[in-house]
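1. All I have is the shape, not the residue letters:
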C-alpha cells in the first residue's frame, strides 16, 4: 500500500481498527512520558500494548536487537512509533530484522546496503513524529550504529504505512531542539532540490518544505504559535518525502563527524555546513564553461541546469539571487544562535584532519559539485570557528 498521511491524534484509533490491531508494539523515546498526546495513546483500544524504549538517541545495533527479540516474543501484530527520528528509525530496523529471512543480519554490513525482499504488509506500521525535522515518518531509510560506525538501513518495506501528524506535540518541545530540527528540515529541502537524483516530484516536495519554513519559522520559534507549528511539521514531512526520493548530499555527509566530535545535534551540524558548501558550489559555476571547472560538475543535466536550480531555491526562500539566499540562511543561523563549534588552537589541525577524512565518499555522489579532500578541508576551516 502507498503511505497515507493523516492529521490529528484522534485518527489513530480508527487506523488501528482498520489494520486489525490486537497487540500493539509501542516504540517510544524518553520524551514519551511528557507528551500531551500520551493519554490518547494509552487509551487506545488494543487488547495489549507492549512498550519498548531501551535505546539511546543514536541507537545501537545491540539496542535494536533487544527490540527485535521483544517483538518476536510478545507476538505483537502492529508497530506504533512515537518520537523523534531515532524512535522511528529503531522501529524501522526492528521491522526489517523481524521480517527479513536474514534476521538481524539484515541491518548490519554487508547486507545493510542491499535491498532485501520483505513483505512489509505483514506488520502494519504507524509513525507519529514528535519533532518537526527529519521527516523520518515518510522515508524508507533508518540510521543506527554498528561497532561504532553509522549504518543507513534502506528498504521499501520499512516505510511507515501511516504517518500521523499531531503538531500539538511541538508545543512543549525544548526551544533549542525546535531550532535544530526545523533547520534539519530546511536543509533537507534545499539539499534534495540540488541533488543529482532530484525529480519533478521531489522538486515539489522541496519547494513546499522551503516555502513553509521560510514563512513560519519566526512565529514557530519565537512565538510558539500553534498554526505555525502545524506548518513547520508539514514542512518537515515534505522534506522527508523529498529526501526519500533523492537522498542527502554533502551538507549531511560533512555533518556527521561534527555531531560526534563536538556533540552538536544533527540539525545544528547540518545547518552550519550548508551555507559554506552552497557558496563554494556557486563560486564554481560562473567559470564552468572552462574545461578545468567543468570537471567539477557532477550534475548530469549540466551546469546551466544547476545554476537554474540554485536560482529556484532562492526564489522559494523569497530572494532574488542565490547569494542573497545564502546570506539569508546565515542570518537565520545568527538569529537562532546556531553557531559553528570552536576548536582549541593546539587541536585545530588534527581535528580538521579527522573531519576531512571522516566524510563518506558514497554520500558525496549525490552532490552536484564534486568535492575533493583539499576542498573539504577548506570548507571545514570555514565551518569551524
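-> In hand now; what should we look at? These figures come from a predicted structure and were not determined experimentally.
2. need the contact list for residue 21.
-> By Cβ atoms under 8 Å, 6 or more residues apart in numbering, the residues touching residue 21 are 46, 77-78, 124. Every C-beta, even on glycine, is put in place using the N, C-alpha and C of the backbone.
3. Backbone dihedrals for it, please?
-> For residue 21, the backbone dihedrals (degrees, to the nearest 10) come out as phi -70, psi 130.
4. Likewise for residue 116?
-> Residue torsions, per degrees, to the nearest 10, at residue 116 are phi -80, psi 140.
5. wait, it sits on residue 154?
-> No - between residue 116 and residue 154 there is no contact under Cβ atoms under 8 Å: 9.8 Å.
6. need the helices for the stretch 201-350 of the chain, in chain order.
-> Assignment of helices within the stretch 201-350 of the chain using DSSP state H, counting those that start in this stretch yields the ranges 226-246, 250-262, 266-284, 291-294, 303-316, 322-336, 348-358.
7. now for those helices, which one comes closest to residue 194?
-> Set against residue 194 and scored by Cβ to Cβ, the helices of the stretch 201-350 of the chain come closest in helix 303-316, at 5.3 Å.
8. got any residues that touch both of residue 116 and residue 154?
-> With the criterion set as Cβ under 8 Å, 6+ apart, the contacts of residue 116 and residue 154 do not overlap.
9. coming back round to it: mind checking which of the contacts of residue 21 are buried?
-> The neighbour-count test (16 or more other Cβ atoms under 10 Å) marks 46, 77-78, 124 as buried among these.
10. Adding pLDDT, distance to residue 104 and secondary structure as columns, could you present the residues you listed in JSON lines?
-> Output for the buried ones among the contacts of residue 21, formatted as JSON lines (pLDDT from 0 to 100; distance: Cβ to Cβ, whole Å; DSSP: H, G, I helix; E, B strand; the rest coil):
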{"residue": "46", "pLDDT": "83", "distance to residue 104": "26", "secondary structure": "coil"}
{"residue": "77", "pLDDT": "95", "distance to residue 104": "20", "secondary structure": "coil"}
{"residue": "78", "pLDDT": "97", "distance to residue 104": "21", "secondary structure": "strand"}
{"residue": "124", "pLDDT": "97", "distance to residue 104": "22", "secondary structure": "coil"}
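11. residues contacting residue 278?
-> Contact criterion Cβ under 8 Å, 6+ apart gives 190, 310, 322, 326, 329 as the residues in contact with residue 278.
12. Starting from residue 338, give me the distance back to it.
-> Look at residue 278 and residue 338: by Cβ to Cβ, to the nearest Å, they are 16 Å apart.
13. and if you look at residue 190?
-> With distances taken as Cβ to Cβ, residue 190 is found 15 Å from residue 338.
14. Show me the shaky parts of the stretch 1-150 of the chain.
-> Along the stretch 1-150 of the chain, the model assigns pLDDT under 70 to residues 1.
15. Tell me where it has helices.
-> Secondary structure of the stretch 1-150 of the chain (DSSP H, counting those that start in this stretch): helices located at 12-19, 38-42, 61-74, 85-99.
16. what angle do the longest one and helix 266-284 make?
-> Going back to what we said before, that points to helix 85-99. Computed with axes from the mean of the first three to the mean of the last three Cα atoms, to 10 degrees, the direction of helix 85-99 lies at 100 degrees from that of helix 266-284.
17. ok and helix 85-99 relative to helix 61-74, angle-wise?
-> Interaxial angle, helix 85-99 versus helix 61-74 (the same axes, to 10 degrees): 60 degrees.
18. Adjust the sequence numbering to begin at 15 for everything that follows.
-> In the new count, where the first residue is 15, that last one comes out as helix 99-113.
19. What helices and strands are in contact with helix 99-113?
-> Counting contacts by 3 or more Cβ pairs under 8 Å, 6 or more residues apart in numbering; DSSP states H and E, the secondary-structure elements packed against helix 99-113 are strand 37-42, helix 75-88, strand 92-97, strand 139-143, strand 155-160, strand 163-168.
20. buried set for stretch 166-175?
-> Neighbour count says stretch 166-175 has 166-169, 171-175 buried, by 16+ other Cβ under 10 Å.
21. Tell me which residues touch residue 140, please.
-> 26, 29-30, 33, 92-95, 174-176, 178.
22. Over to residue 176?
-> 17-20, 29, 138-141.
23. hmm, try it at 7 Å
-> Taking Cβ atoms under 7 Å, 6 or more residues apart in numbering as the definition of contact, the neighbours of residue 176 are 18, 20, 29, 140.
24. What separation do you get for the spatially closest residue to it that is not a sequence neighbour and residue 367?
-> The spatially closest residue to residue 176, leaving aside those adjacent along the chain, is residue 140, at 4.4 Å (Cβ to Cβ, 6 or more residues apart in numbering). Residue 140 sits 45 Å away from residue 367, taking Cβ to Cβ as the criterion.
25. Same check on residue 311?
-> Taking Cβ to Cβ as the measure, residue 311 and residue 367 are separated by 28 Å.
26. same thing with residue 291?
-> Taken as Cβ to Cβ, the span from residue 291 to residue 367 is 19 Å.
27. With residue 329 instead?
-> Distance of residue 329 to residue 367, computed by Cβ to Cβ: 39 Å.
28. Those two: who's more crowded?
-> Ranked by neighbour count (other Cβ atoms under 10 Å), residue 329 and residue 367 place residue 329 first, with 16 against 13.
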